[in-house]
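1. pasted the sequence and its predicted model underneath.
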Amino acid sequence: MSTNNACLGVVLAGGLSSRMGQNKAELPRTTEQNMLAYSSALLQDAGASQIVHSINFQSAPTSSEQFADNFENLGPLGGIATTFLKAPHVNGYLFLPVDLPLLTPACLAKIRQVGELSKTACHYDDHFLPLYLPRNAMTELFFSQLLARLQNGLTTGKKDKSLSIKQMLKQIPNTAIALEAKHKQQLFNCNTPEQWREANEQMTIRVS
Ligand SMILES: Nc1nc2c(ncn2[C@@H]2O[C@H](COP(=O)(O)OP(=O)(O)OP(=O)(O)O)[C@@H](O)[C@H]2O)c(=O)[nH]1
């Protein structure tokens, strides 16, 4: 893939979907679009110049637009770290989890725009995903230290439980945008079949 993009959009589509009981990326957002396709379109509409899909460790990528995690059992942070390694020549990344069926491009574009302007990581309130992450000296330093910790964990056999997106955001400059009440629902995260049903009811109300 070409790597000189201004902003790389990344759908975080790995994990186990254990609470949902089926792959969340394949859930049908509409009859034509599953959640993976919907999330990719959201990123494009929010201004990402190229899109990749972040998939699990040891999954076999079927195209250059898929990045299999370099790290096992690190959750979404594993996808973020892998993207940082595999697509270095960008100004920033827009990470979107695959399980936000009520999100709109405008809400997503806002964190990209604020993040690009402030040159900081950017997200909504205490929601750490979706996340804009700039590529700069601070994030380079964070990821080189993270890789050293991961390597140390492999060597000693002790997984570092403090590794998380929340911990990352404590170590790099970041901006938390206050989420307007009217946008709260947009970050409704579907992890269970009940939540998926609830989101579908909201989608029906919006369409009518
Ligand atoms: N690339 C990558 N993405 C992940 C990984 N784990 C979770 N994700 C993605 O990160 C987002 C949040 O995931 P979670 O809901 O915390 O975990 P999950 O594995 O999807 O679901 P559960 O098994 O029910 O916890 C979703 O978009 C997942 O697809 C991982 O190990 N690698």
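-> Arrived safely.
2. which residues sit in contact with Ala46?
-> For Ala46, the contacting residues are Gly9, Leu94, Pro105, Ala106, Leu108, Ala109, Arg112, taking CB atoms under 8 Å, 6 or more residues apart in numbering as the criterion. In this view, the C-beta of every residue, glycine as well, is placed from N, C-alpha and C.
3. so among the residues you listed, which ones count as buried?
-> When those are checked for burial by 16 or more other CB atoms under 10 Å, the buried set is Gly9, Leu94, Leu108, Ala109, Arg112.
4. isn't the fourth one right up against Gly47?
-> Yes: using CB atoms under 8 Å, Ala109 is in contact with Gly47, at 5.5 Å.
5. about what we covered before: the contacts of Ala46: which two are farthest apart?
-> In terms of CB to CB, the contacts of Ala46 reach their longest pairwise distance at Gly9 and Ala106, which sit 15.1 Å apart.
6. circling back: filter the buried ones among the contacts of Ala46 by proximity to the ligand?
-> Among the buried ones among the contacts of Ala46, no residue sits close to the ligand (CB under 6 Å from any ligand atom).
7. SS state for Phe67?
-> strand (DSSP: H, G, I helix; E, B strand; the rest coil).
8. longest strand of the protein?
-> Identified as the longest strand of the chain according to DSSP state E is strand 127-134.
9. does any part of stretch 56-65 sit near the ligand?
-> Yes: for stretch 56-65, a contact with the ligand is found by CB under 6 Å from any ligand atom, at Asn56.
10. can you tell me what sits against that stretch?
-> 1, 14-15, 51-53, 55, 66-73, 78.
11. buried members of those residues into ChimeraX, please.
-> One line in ChimeraX is enough to select the buried ones among the contacts of stretch 56-65; burial here means 16+ other CB under 10 Å:
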select :14,15,51,52,53,55,67,68,69,70,71,78
